[in-house]
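Student: Sharing a model that was predicted from the sequence below.
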Amino acid sequence: MNRTPLPKNVLGRSGGLEPSASPPTRRALLAATVAVALAFLILLGRLWQLQLLQGEHFRKLSETNRIRLVDLPPSRGLIFDAKGRLLADNRPAFTLAVVPEDVADWKVLTRRLRSLVGVTPEEISKAREGAEGQAPFKPIRLRSHLNRHELALLETFRYELPGVRVMVHYGRAYLSPQYTAHVIGYLGEINQPELAAASRTHYRLGDYVGRYGLEKSRESVLHGRRGARQVEVDAVGREIKVLNEVEATRGLDLTLSLDLDVQKAAAEAMAGRVGGVVALNPQNGQVYALYSSPAFDQNAFVSGMSPEQWKALVNDPLHPLKDRAISGLYPPGSTYKVITASAGLAEKAISTATSFFCAGEMSFGRRSYKCWAIKKGGHGAVEIHKAIRESCDIFFYKTGLRLGVDRLAKWAQAFGLGRPTGVSLPHESPGLVPTSQWKKKRFKEPWQDGETLSLAIGQSFTLVTPLQLARMVSVIANGGRLVTPTLVRAVTRPDGQPVPEPAPVISRVPIPPEVREVVHQGLVAVVNEPGGTARRARLPGITVAGKTGTAQVVNLAFEKLFGKEENVPWKYRSHALFISYAPAENPRIAVAVVVEHGGHGGSDAAPVATAVMRAFFGLPQVPIKLSPQGPGAPQLRAPAPPQPPQGSAP
Amino acid sequence: MIDRRLVTNFDWLLLMLVLALGACGVVNLYSAASSFGGGGTPVYLKQIYWFGLGLLVMLAVAMVGVQRLSSVAYPLYILVVLMLVAVLLWGRVIGGSQRWLALGPVVVQPSELARLAVILVLAQYFQRRDQNQPYRLHQLILPLGLALLPALLILKEPDLGTSLLVLLVAASVILVNGVRLGSLAAAGITLLLALPVAWHFLKDYQKRRIFSFLDPESDPLGAAYHLIQSKIAVGSGQFTGKGFLSGTQSQLHFLPEQHTDFAFSVLAEEWGFLGALLVISLLAAVVYRGLAAAYRAKDRQGLLIVAGATAMIFWPAVINVGMVVGLFPVVGIPLPFISYGGSSLITTLAAVGLIQAVSMRRFVFHRP
């Protein structure tokens, strides 16, 4: 230790310098000196203990200790449809890797790999650079997703390729990728922010996580828990013996309420069309089909897409990645009359005796409001039953006026519009239910009564998703209950033990039974009575109830510019909507269909719903005849028959 | 330009000690990272480059002097805090935590700068107050706050080790400056009470490390594995070690982070108790040169800066070796001079520069 006298003596007080260490500070420094000595002595004592007293013990341990940890990633839970058919599986995928310490001659290896599987020297040097600082017995990945031919070549020449390894791991494979793309979704490699947020016990770099659909929303259930294995290795680090193992726990399996037959029927009926289809059990909300068109190939995400493929998918003007069934927003059109009718009756704005006269149009303010039946001179005297059956606009204009925007909004909300349904899928849209307050806030303008007229027939600001429509019509089907759509019927452990799921929320809608009955009878008439707008939706032996909707995209005057209806370009055509349920006496399925720019609800959306119902009731399918699409319609491929994915993965 | 007295008063012994430690570090890294594959610059060579750069930083800090550095203490402190915030917002993520900030082509780790800034700002604060009485607790609220702000920001990255070091270094400066015994006791009690709160802020893996330290058997496949393997490495070195490049624990990669946080286990395995004794003695000697320089500093500010700089070497040394021999839980703190790592090396040598700067000027009378 340095014993130089304090500089204070040297400095004196000249120059106005303070004395260096004031007494408390000097005491503190002395205390620090002692503390530091003590700390280092403790460390040396501990080293003495470990190295000299217990050194022999640890030396033996180190000689016998060849224990290393091996990570055991869990395998992902499987996904089945309602009838036990596998939708998402884990299948082996093969990766070409090189163990640097076993490579005899890099030049020879580079040449051979190029001629055998076409790995370029650049790829190899890049992979080696990426693995800099890594232990030499750790394999460097060169190429994933080897095909069978490459695999066979590598196996054949295995002994001439020292250092080359083919690694097997289990990757995701979707068995009906054309039908389940949006519902089941896909996986992606975990990124840094996700890794930082995730628990380190469960996720490592290189793991795959759900990125879309149920794969994303049920990630925590599907992922499973990783394990680890203590292995004994030899002098160069190769595994000899397993000493201790905490097994990986496989993720839990999901059995969906989704029925592949029904889903397939929806997909095929929507072939070449854009839109969304939802079928669910109106009694409990279990979803039978949820399809968005156009779809995409889930397996392309798994096996790795080329940048061009990805760009094409993202820049596709039809946005195939968007799930229209839960996030497509559409004006409800005449399907909204279910709400106007229920609200009018329940609020006593109208009664079953109320009759309005429809001359095909009515004037309000300075404008004329038309009924769609203007060409045939209007509906004449109309009461509620006929109004629903024939979708008379005049009747609902007048009912809407008696109700006002805010009472309509109250009932729209009671039927579940304007907020997410709560289905466990990512990116669900809440839709929009306009109120007078909303308009003031949004546009700084008061609500106009004329807007109430449009609102009452579903043409105003209201926006809904197909899933919300299916839930809305279920309220009439089940007698006044608002269900929460669910996709997962059961979560099971690998040993088959079920894991309890929280019961789905079902709330009551304050609709009086007699009101529900009137609306219900109206919806039955839409399909079954002469004059109904959806006569095509009938099924043999089963009474179907439904409501058509045709939501204008541009106003009628603009549409007229194109002359005949078939000349209207695709993008200006109305959206076709249809909501329905069956059997009317005891509804077991509710279906909502939106066909973007499809034309008319009765002719273009109802047949899709019929196809879905036919699949559900096990009736034979009949060919669908839809009206021709207008000029500029997108050319969509029909879903190809699913190819069994082989070795696509991880 | 350069005062001759600056050269004669330069602590050449301290420089020798530092060079010796650097040499030990490079030799050890040659072995610790020798079995790593891949191409590129070998780790030991990179460490030499960093060491050279660090020596330049040390000289620069020594030449600039603490007076001029202190005059920008507050702006520097604010800059560091802003950079820490920027790291959280835009930082580059490496190994699961966000510590680096890209400024053009240079990637900096502001948490390393934080310790230097906190020392300078605290020394400036106490110098201005110029109070010879020991401080009471309520008088320490502001200086404690100055230390806590960057420490919490670093903890959020998350980097428990560096955050802890900032607090320890700041505490060292505050303690050397003088705190009333009663206040000290009160602070100790507060700290104990604050522990559950701090626990809440720890990440899962950090909690697990502490659990496995308290009960190594609880998790033989996880964090405790590192601890067990490190103890085996150190213990099996015995008195003379297994010999250079012959440590089985390190060469066969049983040790985690063996060229960074666990570099000392490699050293203790290959060079035995003798090697460990040499390195610990060198570290202790550096710390004592620092304490001596503090003792002889001509004013409070210089004294506190040197005390802080010394603490910057002492604490990571004790914690790292303590961790390697199983006396502390595993926290990611590198061993000064020995562990691989550019930012840690440069920060450490900057601290040595601060010690030199004060030490050199103890006989210089002019005031700026």
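Tutor: Great, that's in hand. As the structure is a computational prediction, the values presented were derived from the model and not from experiment.
Student: what's the spacing between B:Ala293 and chain A?
Tutor: 9 Å (C-beta to the nearest C-beta, to the nearest Å). All C-beta spots, glycine's among them, are computed from the backbone N, C-alpha and C.
Student: can you pull the pLDDT of that residue?
Tutor: On pLDDT, B:Ala293 comes in at 91.
Student: so what's the closest residue to it other than its chain neighbours up against?
Tutor: Leaving out its chain neighbours, the residue that sits closest to B:Ala293 by C-beta to C-beta, 6 or more residues apart in numbering or on different chains is B:Ser359, at 4.2 Å. B:Ser359 makes contact with B:Asn9, B:Phe10, B:Asp11, B:Leu14, B:Ala293, B:Arg296, B:Ala297, B:Val306, according to C-beta atoms under 8 Å, 6 or more residues apart in numbering or on different chains.
Student: What does the residue in the stretch 251-368 of chain B that chain A sits nearest to show for phi and psi?
Tutor: At 3.9 Å from chain A, B:Ala292 is the closest residue in the stretch 251-368 of chain B, using C-beta to the nearest C-beta. Main-chain dihedrals, B:Ala292, degrees, to the nearest 10: phi -60, psi -40.
Student: Now name the helix or strand holding the residue in chain A that chain B sits nearest to.
Tutor: Nearest residue of chain A to chain B: A:Phe58, at 2.6 Å (C-beta to the nearest C-beta). Per DSSP states H and E: A:Phe58 is located in helix A:55-64.
Student: do A:Ala592 as well
Tutor: Assigned by DSSP H and E, A:Ala592 belongs to strand A:589-595.
Student: Check which helices and strands that strand sits against.
Tutor: If you count contacts as 3 or more C-beta pairs under 8 Å, 6 or more residues apart in numbering or on different chains; DSSP states H and E, strand A:589-595 packs onto strand A:275-280, helix A:466-478, strand A:575-582, helix A:606-617.
Student: about what we covered before: the residue of chain A closest to chain B touches B:Ile228, doesn't it?
Tutor: No - judged on C-beta atoms under 8 Å, A:Phe58 makes no contact with B:Ile228 at a distance of 10.3 Å.
Student: Neighbour count for the two, which is higher?
Tutor: Neighbours were counted for A:Phe58 and for B:Ile228 using other C-beta atoms under 10 Å in any protein chain shown; A:Phe58 has more, 22 against 18.
Student: Not counting its neighbours along the chain, what's nearest that one?
Tutor: Distance criterion C-beta to C-beta, 6+ apart; nearest residue to A:Phe58, sequence neighbours excluded, is B:Gly235 at 2.6 Å.
Student: Is that neighbour in contact with A:Leu53, as I believe?
Tutor: No - using C-beta under 8 Å, B:Gly235 is not in contact with A:Leu53; the gap is 9.2 Å.
Student: So which of the two has more stuff around it?
Tutor: Neighbours per residue, other C-beta under 10 Å: of B:Gly235 and A:Leu53, the larger number sits with B:Gly235, 29 against 10.
Student: Quick check: the residue of chain B nearest chain A.
Tutor: For chain B, C-beta to the nearest C-beta, closest residue to chain A: B:Gly235, 2.6 Å.
Student: and that residue, what does it touch?
Tutor: B:Gly235 neighbours (C-beta under 8 Å, 6+ apart): A:Leu50, A:Gln51, A:Gln54, A:Gly55, A:His57, A:Phe58, A:Arg59, A:Leu61, A:Ser62.
Student: mind running it again at 7 Å?
Tutor: B:Gly235 makes contacts with A:Leu50, A:Gln51, A:Gln54, A:Gly55, A:His57, A:Phe58, as judged by C-beta atoms under 7 Å, 6 or more residues apart in numbering or on different chains.
Student: Just the element for the closest residue to the fifth one other than its chain neighbours, please.
Tutor: Setting aside the residues directly before and after it, A:His57 is nearest to B:Gly235 in space (C-beta to C-beta, 6+ apart), at 6.9 Å. For B:Gly235, the enclosing helix or strand under DSSP H and E is helix B:223-236.
Student: Excluding its own residues, what touches whatever helix or strand comes next after that helix? List them.
Tutor: Proceeding N to C from helix B:223-236, the next assigned helix or strand is helix B:248-251, under DSSP H and E. Helix B:248-251 is touched from outside by A:62, B:31-32, B:35, B:229, B:232-233, B:236, B:242, B:255, B:258, B:266, B:269, with contacts defined as C-beta under 7 Å, 6+ apart.
Student: Identify, from those residues, the entry nearest to A:Met472.
Tutor: Nearest to A:Met472 among these is B:Gln229, at 62.5 Å by C-beta to C-beta.
Student: Tell me the spacing between that closest one and B:Val279.
Tutor: For B:Gln229, the distance to B:Val279 (C-beta to C-beta, to the nearest Å) stands at 20 Å.
Student: Could you confirm whether the top helix by length along chain A reaches chain B?
Tutor: Counting residues, the longest helix in chain A under DSSP state H turns out to be helix A:23-47. Yes - Helix A:23-47 comes into contact with chain B (C-beta under 7 Å from any C-beta of the partner chain), by way of A:24-25, A:28-29, A:32-33, A:36, A:39-40, A:43-44, A:46-47.
Student: Now the residue most central in space within chain A. Nearest residue, chain neighbours left out?
Tutor: Nearest to the geometric centre of chain A sits A:Gly213, at 2.5 Å (C-alpha atoms, centre = their mean). Excluding the flanking residues, the one nearest A:Gly213 by C-beta to C-beta, 6+ apart is A:Gly185, at 2.3 Å.
Student: Then B:Leu354?
Tutor: Here the residue nearest B:Leu354, using C-beta to C-beta, 6+ apart, is B:Ala309, at 4.0 Å.
Student: Show the pLDDT at that neighbour.
Tutor: pLDDT recorded at B:Ala309 is 96.
Student: Measure how buried A:Val509 is and give me the count.
Tutor: Using other C-beta under 10 Å, A:Val509 has 20 neighbouring residues.
Student: Kindly report the same for the one 4 residues further on.
Tutor: One way to gauge burial is a neighbour count; for A:Pro513, by other C-beta under 10 Å, it gives 9.
Student: And the one 10 residues further on, by the same measure?
Tutor: Applying the criterion other C-beta under 10 Å, we find 28 residues in the vicinity of A:Leu523.
Student: Just the element for it, please.
Tutor: According to DSSP H and E, A:Leu523 maps onto helix A:513-528.
Student: Now the helix or strand just after that helix: average pLDDT?
Tutor: Sequence-wise, the next helix or strand downstream of helix A:513-528 (DSSP H and E) is strand A:545-551. For strand A:545-551, mean pLDDT rounds to 93.
Student: can you check stretch A:633-641 too?
Tutor: On average, stretch A:633-641 scores 57.
Student: How about the contacts made by A:Pro426?
Tutor: Going by C-beta under 7 Å, 6+ apart, A:Pro426 touches A:Tyr212, A:Lys216, A:Ser217.
Student: Among the residues you listed, which are located in helices?
Tutor: Counting by DSSP H, these place A:Lys216, A:Ser217 in helices.
Student: Please consider this matter closed, and thank you.
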